[in-house]
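*Asks:* Sequence first, then the predicted structure:
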Amino acid sequence: MFHIYGDSVTKSIAFDEKGALKTVTDNFIKRAAEACGLALNNRSLFGATITKGRQLLKRFPKDFSPGDQVLLAYGGNDCNLPWEVISADPEASPEAKTPIKEFTAHLSATIDELREKEVEPFLMNLLPLQPKRFFDAVTQGLHSDVILQWIGDIQEIYRWQEGYSQVVMETAARKGVPLFDARSVFLSHPHYEDLLCHDGMHLNDEGQALLTDAFSQFLKTYVK
């Protein structure tokens, strides 16, 4: 069995034409698994962090049998900042949902826990944000000018999120875990922002199509 534990990207949350959230059922995970003839169990949740992922892994111990494989896809919510707090008090010193040292420790521990169950872990890094669209989305209804002053530069949002993606990549290398480098797949596209919804972070149909091909190749290479 091939398992997915991740957030809204692997859950395939997107925005419809009216700007409402929807779940894309015919998504890159499902398409790639079907193309490779894999039985799939997707436990991804909208808004999930690595802490939530560890809780889910403990909640569903019967999901796994020795020899199973699981893709962990976290970090996008872990790196998120409390924008409401910043908007209300620019002198505050808020932390990310999961500070980066904690994120690193949780990710490493999760890999160890899976291996103890004789389950093979894989990692997926973070898709690149389109920072201006992301900023507009997360500051809607807030004091965007105050938040911009606090972060100093809209591009800092990109760099901040990129730091968590780098942790995923470094952890994969350090622990000897296969990495689905979705970020490089997107950045190899001349206009990766065209692959994202208007919020600058979730996949649109074109993004789903691109990742379908890349993830299929990854599965063919690494999945038994």
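*Replies:* Sure thing, it's come through. Numbering: from 1, shown residues only.

*Asks:* taking the mean pLDDT, what do you get for the helix ranked longest in the chain?
*Replies:* Using DSSP state H, we find that the single longest helix of the chain is helix 155-175. Mean per-residue pLDDT for helix 155-175: 99.

*Asks:* what about the strands in the protein?
*Replies:* For the chain, the strands defined by DSSP state E occupy 2-6, 13-15, 21-23, 40-42, 69-73, 120-124, 179-180.

*Asks:* follow-up on the earlier one: now for the longest helix of the chain, which elements pack on it?
*Replies:* Packed against helix 155-175 by the contact rule (3 or more CB pairs under 8 Å, 6 or more residues apart in numbering; DSSP states H and E) you find helix 100-116, strand 120-124, helix 131-138, strand 179-180. For glycine as for every other residue, the C-beta is placed from the backbone atoms N, C-alpha and C.

*Asks:* Of the ones you listed, which stretch is the most buried?
*Replies:* Stretch with highest mean neighbour count among those: strand 120-124 (a mean of 23; mean count of other CB atoms under 10 Å).

*Asks:* burial count for Thr221?
*Replies:* 9 (other CB atoms under 10 Å).

*Asks:* give the contact list for it.
*Replies:* By CB atoms under 8 Å, 6 or more residues apart in numbering, the contact set of Thr221 is Pro178.

*Asks:* and the gap between it and Ala32?
*Replies:* Distance of Thr221 to Ala32, computed by CB to CB, to the nearest Å: 12 Å.

*Asks:* Thanks a lot, see you next time.
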